[in-house]
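> sequence first, then the predicted structure:
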Amino acid sequence: MYPIHLLETKPQTTAHLAQTMSLLNMTSAELKQTIEAELANNPALELLEPRRCRGCGRFLVDSKSCPICNQLHDPSNLEPIVFTSSRSDYQSTISGGSTHSLSPDELPDDNTAPALDLASFVLRQIAADLAEEDRPIAAHILTSLDKDGLLTVSLLEISRYHHKSIESIEKVLNLIKHSEPVGVGSSSPQEALLVQLDVLSKTKAVPDHVEIAIREGIDLLSRHHFTKLGQKLGISAQEAEEISRYISTNLNPYPSRSYWGSVRQGSETTPQVYHHPDILIGHLNKKTDGPLVIEILFPVRGPLRLNPLFRKEIKNAQSEKVEKWQRDLEKASLLIKCLRQRNNTMRQLLAILTKYQRNFITHGDRYLKPITRASMAKILGVHESTVSRAVSGKTARLPNGRIIPLGKFFDRSLPIRALIREIVDDEIDALTDSQIAVILENEGYNVARRTVAKYRSMEGILSARTRQSMVKI
């Protein structure tokens, strides 16, 4: 028989972990609602008067002393200074410790992160190659795609609606299929795979039997019947399995599903506007060669604690109230512990992340170093999902005033896209995607032409033909 306290440890630990993960996933606005609701409904929870630093005036949450004012100036020490403070006054670390509050009017103008839906994203890529009379056809096709990017209407139906020949419809559809994501607009997963294979074969050698396996053995491939597939193709079962592995690694039967989820990272159909960051990043005393100061903004002014009067009164409470009051006390205690754990996790993550990405923070997008959430989780000694929750929905204000999603610190394509912007900004004659790919290769980025087209589109840069025609005008 196990002791009672051992039996109680697991449920308490599970509740602690579950609530910590839930709080970690919240934005500041969501966290504020949660705390305020608990303060309103739980008499065991109390919000203390805020502690203000006598030197700089900051409201401190977890720290008893101000980490800025107590910082010993050592020019050789570039370790980031990370701490939690109250959001209420919106302290700006960039101002070198002043208590200036930033109003929405003072925020920079580039806080909008427009997100396109799939139809708009594809249309923007092919617009320059479309004749004016073909644009309604393209719009009809793109608005008839399902969530996987496959066409849900027949070409005959589109042809009759627009009174155009099947050949003219196919011409527009071919443009769509060969835009990003490749294969979008296909009538079936099999056709999407064949389109992607055709595009891939123009830049890389494709193993034998892959195309015929897709054309004639798609059902066997989907069911992993490699022996039967091998017999059909005249190859061994092992070779058939290698073909299946090649297809799953390089192709996707549902074009928009994986592409739109990973590259666009959960795009919305409406723009995101960032006005209130969750994290402030600046330089200590405005010195760009000094340490970074990272201020995690806590959504309420002052720390939380258990109400001492409530704890005292529970001893004298009537028997029918004791159980409820005890639950309130346990709930308040759990919330306080989980909030501390959340803040601690955020501090550890940002200390490592900002140190690693210092050049990106200071000098711009070109200097972002590649790092994944998985590798960050390994450094912190936590599960990858913990890092994902800590990053999700959070925004950071950089020293130049720009507010970005925290997830941007993990965007591996960002330096390449920034370089493409620079190349286009400096061009005299409009460069094609192939020419840009060559320049990128000389800079150490081995990027295919199609990838250049994709990144160019993500940055809102028009095609070379359109840019050249605009110059002539």
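Noted; the coordinates are in hand. Remember, predicted model here, so these are calculated numbers, not experimental data.
> what pLDDT does the model give Ala29?
The per-residue pLDDT reported for Ala29 equals 80.
> can you give me the buried ones in the host helix or strand of it?
Per DSSP states H and E: Ala29 is located in helix 28-41. Residues 28, 31, 34-35, 38-39 are the ones in helix 28-41 that count as buried (16 or more other CB atoms under 10 Å). The way it works is simple: take the backbone N, C-alpha and C, and place the C-beta from them, glycine included.
> stretch 442-458 now?
Buried-residue list, stretch 442-458, by 16+ other CB under 10 Å: 445, 447-458.
> stretch 138-157 too?
Those would be 138, 140-142, 144-145, 148-151, for stretch 138-157 by 16+ other CB under 10 Å.
> tabulate the CA atom coordinates of that stretch in PDB.
Taking Å, rounded to 0.1, in the frame of the first residue of the first chain, the C-alpha atoms of stretch 138-157 are listed here in PDB:
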ATOM      1  CA  ALA A 138      -8.600  32.200 -63.200                       C
ATOM      2  CA  ALA A 139     -10.900  33.600 -60.500                       C
ATOM      3  CA  HIS A 140     -13.500  31.000 -61.200                       C
ATOM      4  CA  ILE A 141     -10.900  28.200 -60.900                       C
ATOM      5  CA  LEU A 142      -9.300  29.500 -57.800                       C
ATOM      6  CA  THR A 143     -12.600  30.000 -56.000                       C
ATOM      7  CA  SER A 144     -13.500  26.400 -56.800                       C
ATOM      8  CA  LEU A 145     -10.600  24.800 -55.000                       C
ATOM      9  CA  ASP A 146     -11.200  22.700 -51.900                       C
ATOM     10  CA  LYS A 147      -9.100  22.900 -48.700                       C
ATOM     11  CA  ASP A 148      -6.500  20.600 -50.300                       C
ATOM     12  CA  GLY A 149      -6.100  22.800 -53.400                       C
ATOM     13  CA  LEU A 150      -7.900  20.400 -55.700                       C
ATOM     14  CA  LEU A 151     -10.400  21.600 -58.300                       C
ATOM     15  CA  THR A 152     -14.000  20.700 -57.500                       C
ATOM     16  CA  VAL A 153     -15.600  21.600 -60.800                       C
ATOM     17  CA  SER A 154     -15.100  20.200 -64.300                       C
ATOM     18  CA  LEU A 155     -13.500  22.100 -67.100                       C
ATOM     19  CA  LEU A 156     -16.600  21.600 -69.200                       C
ATOM     20  CA  GLU A 157     -18.700  23.500 -66.600                       C
END
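> so what touches it?
118-119, 122-123, 126, 130, 158, 161-162, 166, 169-170, 172-173, 175-176, 181, 183-189, 192, 254-257, 259-260 (CB atoms under 8 Å, 6 or more residues apart in numbering).
> what about these, which are in helices?
Here DSSP state H is the test, and the contacts of stretch 138-157 give 118-119, 122-123, 126, 158, 161-162, 166, 169-170, 172-173, 175-176, 189, 192, 255-257, 259-260 as lying in helices.
> nothing else from me, thank you.
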